[in-house]
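> predicted model and sequence follow; I will ask about them next.
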Amino acid sequence: MTGKKAWKMAVALAFMAIAIPFGFAGGKKDGDKPAAKAKITSIHFMSPALDDANSKAYAATMAAYRASHSDVTVSDEFIQHDNYEMKLKTMVASKELPDVYYAKPDLFGVLRENDLIMPIDDILKSDPAFFNLYKKGAFTDFTQNGKVWAFPFQLQSNQVVYYNKDILKKAGYDKFPATMD
């Protein structure tokens, strides 16, 4: 599965994590009143107007989700990237969060301590093939007390190290160290 396909699945699973507790997947018995349409709220910084890969993937995933889940209303709000984090922190402080949102790992502790997120272990266990697409350690930032609490959004290593070969050699290294140890 490609990275783009895995990302689409992560978004869909994130929505399922919220939607399943609402019971929209269940059937109706004879004589039951029609079930109320489930509602999911979402905030994100993926603009349908943007031409980047993440926004395109988000739009395609949401279109497919909406088409296959007519019993669910998804209300998503686009917020400019630069304003997103401030809005999310304000929502956390007021404990008025949407059902689905993106958060940086540094906000994880606050979310957990205030019971503002729920574990996703059951979702991950329901599809081991999907879970195994992630590299070992991908969920480490979102694991606490043996439970996984969030999906990683982007997994990319963009660290760059500049070094002076002469100083490194004087420190006793013939080549750049392979590990941080």
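On my side now, so go ahead.
> what's the closest non-adjacent residue to L97?
M91 (5.0 Å; Cβ to Cβ, 6 or more residues apart in numbering). C-beta: built from backbone N, CA, C; applies to glycine.
> okay, helices next: where are they in this structure?
Listed in chain order, the helices of the chain (DSSP state H) span residues 3-19, 53-68, 81-94, 108-113, 121-126, 128-131, 165-170.
> re earlier: residues near the residue nearest to L97, how many?
One way to gauge burial is a neighbour count; for M91, by other Cβ atoms under 10 Å, it gives 15.
> related to what we said a few turns ago, out of the helices of the chain, which is the most enclosed?
By mean neighbour count, with neighbours taken as mean count of other Cβ atoms under 10 Å, helix 3-19 ranks first of those at a mean of 18.
> for the chain, where's the lowest mean pLDDT among helices and strands?
Scoring the helices and strands of the chain by mean pLDDT, DSSP states H and E places helix 3-19 at the bottom, with a mean of 44.
> I'd like the helices of the chain as CSV, with distance to T140 appended.
Formatted as CSV, the helices of the chain follow (distance: least, Cβ to Cβ, whole Å):
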stretch, distance to T140
helix 3-19, 16
helix 53-68, 22
helix 81-94, 22
helix 108-113, 11
helix 121-126, 14
helix 128-131, 14
helix 165-170, 30
